[in-house]
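sequence and predicted structure, then a few things I'm wondering about:
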Amino acid sequence: MEPVYFGDRLATFYDVSTQEKDYIRSLADEYFKKEAKEKANLKTKEDVINRRKKVQAAFKKAVGILPDRHAPLHIAYCNEHLLEEGITLQNLTFDSLPGLKVTASLWLPKGYADGKKHPAVMVAVGHSPMGRAHDTYVMLCRMLARNGMVVLSCDPPGQYERVQYPDENGKSRIGGAVAEHFQIGFPCHLTGLTLAAFFVRDLERGLDVLETLPYVDKHRIAIAGNSGGGMMSALMALWDDRLAAVAPACFITSRQAALLGGRPQDPEQIVPRVIEEGINHDDFVSLFAPKPHLICAADYDGIDIYGAVFTHERAKNVYRLFDAEENARFYSAPTGHGLFEGQRKAITEFLSEVLSAPVKTVGDVDPPLPPLEWMMATKTGCLLTDDSKAKTIYDCYNDYYNEKGYTDCDRQELKKRVLEFLRLPVDMENRPELKHPRYISNDVKEGIRNRKIWFFSEGETDFTARRIAVCGVLYEPENGAKNCVVLVPEDEDGEQYQERFLKEGKAVFRFYPRGIGALKSLDAPGITMIRSAIGKILSPEYRRNCDLIMCGTSTAALRTYDVVRAVDFMRKSYDNVTICGMGTSSLYALLAASVTDVTAQVFEVPVPYAEYVQNKEYDRNEREEVFGILEYFDIPLLIDKLAEQ
């Protein structure tokens, strides 16, 4: 039988082209309003101190605290070079986690061993494939060291000497820093670990390294960084109470501005529940009060400059409660995104002042950069080329999965896990009745009646609520049926299974949850990024799911809710309802079957999520990220307990 399809925008009955984005913005706005109300009540220093305790605890829980915080550092100095202006460059490695080595450089000022205590700065680098050896970070480190500060910079995972997927020359074979972050971030998140936790731990242990140095004043340690390093600098202001000053560049804006911008983000920039918990960019600044903080921005950055201004104004209100408004600093250069001369000078001048550096020179670095081989803490320029068995992030999240991964359970326990995992912003247990389904066609072909139907999965009776329209085509033998299969395809497919169920005398409701088939969002073409090994994962759909993760839920959870609503609808007319999922939609079908206590069938089942964790060379193939799923279950367990065998 020839399949029946909806036209665009529900055959012009309802415009669904932006409903996913609108839903996310509405949900986030609910959390933003709650956050703003809480912040309006910050009237005293004590209020701020109490909020810092609360927010810091929530943030650490969201990021996740890795084990072995105080394991031996195993600092190993590899080489030393004397540079112009008396600066000594030492390259070293240290352990972030037991066996997980970090490559780093120490920039020591002239006279560092004169018996005096010197201020110190941790420099967090951005997404350059060259990591700490990128020229702008080298120049900043030298400027700070020239002014009498001890400086430590280290490579983040996947960059420079810490490439996780090296070729024979020690360079990334999968596309550079961002590609490396995605390749290790996706499976990491499946286990329930955040990639951000590893980035934080590197810097946390870097501060430990600085504290071991006899010539460093432990009370005058700061952090500065740019872009991705700006993010990590900002996060560390809330994370680590040892810091005396912070200067993030080209990161600070506001979550509202970032949400509206729609730009994709790296996995380490996605921390679950931060929007839901009300942890905004100004918390990285305000809750550092009264200690000195510099927001370093760029006028023409893709990161919304007004978001940075907004955050600074919010922060000043808090610093004012401590009589320290002068410590909430702001600088913006007439540049695009990057650690340009203006940003380097602003950071150097700020830290030289607030850390009481011996020298206050702020001019840019004139001498030539050191040779690249002088920046190597390894023999070959890559840890894994030096030692192919060296511990990697892959090993770490596999260890975590082996220890914390899901266990077998019965169907009743599985349902509890599913409900906990979904973390829906709606009440799954008290779903409202569907009152007004819209039947927009009614035809009979070859003895099969087909009806196009759409209804609101959420917000049916409230124009001001978040509304989600969903739809499907109901096929039924002309003489009726007692049993119905809710068929959830990957896209506009599934005809072969539809025909099979109809031949068995069953009705079939070929159903599309939000964002699938007839309900695909109309995405702005310029936002999708297709480059090298990253493929289409930097897509609008990826970004929407990241936003939902930060709101405490996920695309998978919301689509599961839609399928549950389809089952509710079909139960009004049929004695027995089952669910059938195809391909990636199998997950929604299985989860909905658990919630509604029905049987599921799945076809063209994708590989278990555990295979992405256990196979370092996996091919993601645009698979949807489902944060933390392996703490609760995987596809095989769902099939075993819920699907027809």
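Looks like it arrived, so ask away.

what helix or strand is the nearest residue to Asp323 once chain neighbours are set aside located in?
Residue nearest to Asp323 in three dimensions, not counting chain neighbours: Pro290, with 7.7 Å by C-beta to C-beta, 6 or more residues apart in numbering. Bear in mind the C-beta positions are built from the backbone N, C-alpha and C, glycine included. Using DSSP states H and E, Pro290 sits in no helix or strand.

thought Pro290 was touching Asn327?
Yes - between Pro290 and Asn327 there is a contact under C-beta atoms under 8 Å: 5.9 Å.

between those two, which contacts overlap?
Residues touching both Pro290 and Asn327 by C-beta atoms under 8 Å, 6 or more residues apart in numbering: Tyr319.

lowest-confidence helix or strand of this protein?
strand 529-531 (a mean of 46; mean pLDDT, DSSP states H and E).

how about low-confidence regions in the stretch 501-645 of the chain?
524-537, 645 (pLDDT under 70).

returning to what we had before: for the residue nearest to Asp323, give its distance to Leu193.
Look at Pro290 and Leu193: by C-beta to C-beta, to the nearest Å, they are 34 Å apart.

neighbour-wise, which of those two wins?
The residue with more neighbours, out of Pro290 and Leu193, is Leu193; 25 against 18, by other C-beta atoms under 10 Å.

who's in contact with stretch 261-271?
So stretch 261-271 is contacted by 21, 59, 62-63, 127, 156, 178, 181-182, 184-186, 188-189, 194-196, 198-199, 228, 231, 302-304, 524, 527, 529, 538-540, 542-543, 546, 549-550 (C-beta under 8 Å, 6+ apart).

show residues contacting the biggest helix by length in the chain.
Of all the segments of type helix in the chain, defined by DSSP state H, the longest one is helix 19-40. Here helix 19-40 makes contact (C-beta under 8 Å, 6+ apart) with 51, 255-256, 259-260, 262, 275-276, 278, 280, 282, 314, 425, 458, 466-469, 514-515, 519, 521, 540, 544, 547-548, 551, 558.

what's the first helix or strand after it?
helix 45-63.

remind me what the helix or strand that that following helix is followed by packs against, helices and strands.
Next helix or strand after helix 45-63 toward the C-terminus (DSSP H and E): strand 76-82. Where contact means 3 or more C-beta pairs under 8 Å, 6 or more residues apart in numbering; DSSP states H and E, strand 76-82 is packed against strand 88-97.

which segments of the protein make up each domain?
Domain segmentation of the chain under automatic domain parsing yields 8-31+405-642, 42-63+75-358+365-389.

would you single out the least confident of those domains?
Averaged per stretch, pLDDT over those is lowest on domain 8-31+405-642, reaching a mean of 91.

tell me how far that domain is from the chain's mean position?
On the basis of C-alpha atoms, centre = their mean, to the nearest Å, domain 8-31+405-642 sits 22 Å off its chain's mean C-alpha point.

what about the helices in the stretch 401-550 of the chain?
411-422, 495-503, 540-550 (DSSP state H, counting those that start in this stretch).

confirm Pro248 sits in a strand?
Yes - assessed by DSSP: H, G, I helix; E, B strand; the rest coil, Pro248 belongs to a strand.

what's around it, how many residues?
Neighbours around Pro248, by other C-beta under 10 Å: 31.

which of the contacts of helix 19-40 count as buried?
51, 255-256, 259, 275-276, 278, 280, 282, 314, 425, 458, 466-469, 514-515, 519, 521, 540, 544, 547-548, 551, 558 (16 or more other C-beta atoms under 10 Å).

among these, which lie within strands?
458, 468-469 (DSSP state E).

of these, which is the nearest to Gly336?
Ile468 (37.7 Å; C-beta to C-beta).

quick check: bridge partners of the closest one?
When assigned by DSSP bridges, Ile468 has beta-bridge partners Glu458.

re the thing from before, a markdown table please, covering the ones in strands among the buried ones among the contacts of helix 19-40 and showing distance to Leu414.
Below are those laid out as a markdown table (distance: C-beta to C-beta, whole Å):
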| residue | distance to Leu414 |
| --- | --- |
| Glu458 | 25 |
| Ile468 | 26 |
| Ala469 | 30 |
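
return the member of the residues you listed nearest to Leu369.
For those, the nearest to Leu369 is Ile468 (54.2 Å; C-beta to C-beta).

pretty sure that closest one contacts Trp454?
No - here Ile468 does not reach Trp454: they are 10.9 Å apart, not a contact under C-beta under 8 Å.

for the stretch 301-450 of the chain, what spans make up the strands?
According to DSSP state E, counting those that start in this stretch, the stretch 301-450 of the chain carries its strands in the segments 328-333, 438-439, 443-445, 448-458.

just the buried residues of stretch 587-599, please?
Buried, per 16+ other C-beta under 10 Å, within stretch 587-599: 587-596, 598.

likewise for stretch 130-138?
So for stretch 130-138, counting by 16+ other C-beta under 10 Å, buried means 130-134, 136-138.

distance to Asn621 and secondary structure added to the residues you listed, as JSON lines?
Converted to JSON lines, the buried residues of stretch 130-138 look like this (distance: C-beta to C-beta, whole Å; DSSP: H, G, I helix; E, B strand; the rest coil):
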{"residue": "Met130", "distance to Asn621": "30", "secondary structure": "coil"}
{"residue": "Gly131", "distance to Asn621": "29", "secondary structure": "helix"}
{"residue": "Arg132", "distance to Asn621": "33", "secondary structure": "helix"}
{"residue": "Ala133", "distance to Asn621": "33", "secondary structure": "helix"}
{"residue": "His134", "distance to Asn621": "32", "secondary structure": "coil"}
{"residue": "Thr136", "distance to Asn621": "35", "secondary structure": "helix"}
{"residue": "Tyr137", "distance to Asn621": "35", "secondary structure": "helix"}
{"residue": "Val138", "distance to Asn621": "38", "secondary structure": "helix"}
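
JSON lines for these, including distance to Gly206?
Conversion of the buried residues of stretch 130-138 to JSON lines gives the following (distance: C-beta to C-beta, whole Å):
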{"residue": "Met130", "distance to Gly206": "18"}
{"residue": "Gly131", "distance to Gly206": "13"}
{"residue": "Arg132", "distance to Gly206": "11"}
{"residue": "Ala133", "distance to Gly206": "16"}
{"residue": "His134", "distance to Gly206": "17"}
{"residue": "Thr136", "distance to Gly206": "19"}
{"residue": "Tyr137", "distance to Gly206": "14"}
{"residue": "Val138", "distance to Gly206": "17"}
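
pick out the most distant pair among those residues.
Gly131 and Thr136 (11.8 Å).

picking up where we left off before, can you add distance to Val216 and secondary structure and give the buried residues of stretch 587-599 back as TSV?
TSV is the format used below for the buried residues of stretch 587-599 (distance: C-beta to C-beta, whole Å; three-state DSSP):
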residue	distance to Val216	secondary structure
Leu587	50	helix
Tyr588	54	helix
Ala589	58	helix
Leu590	54	helix
Leu591	52	helix
Ala592	57	helix
Ala593	59	helix
Ser594	55	helix
Val595	55	helix
Thr596	60	helix
Val598	63	coil
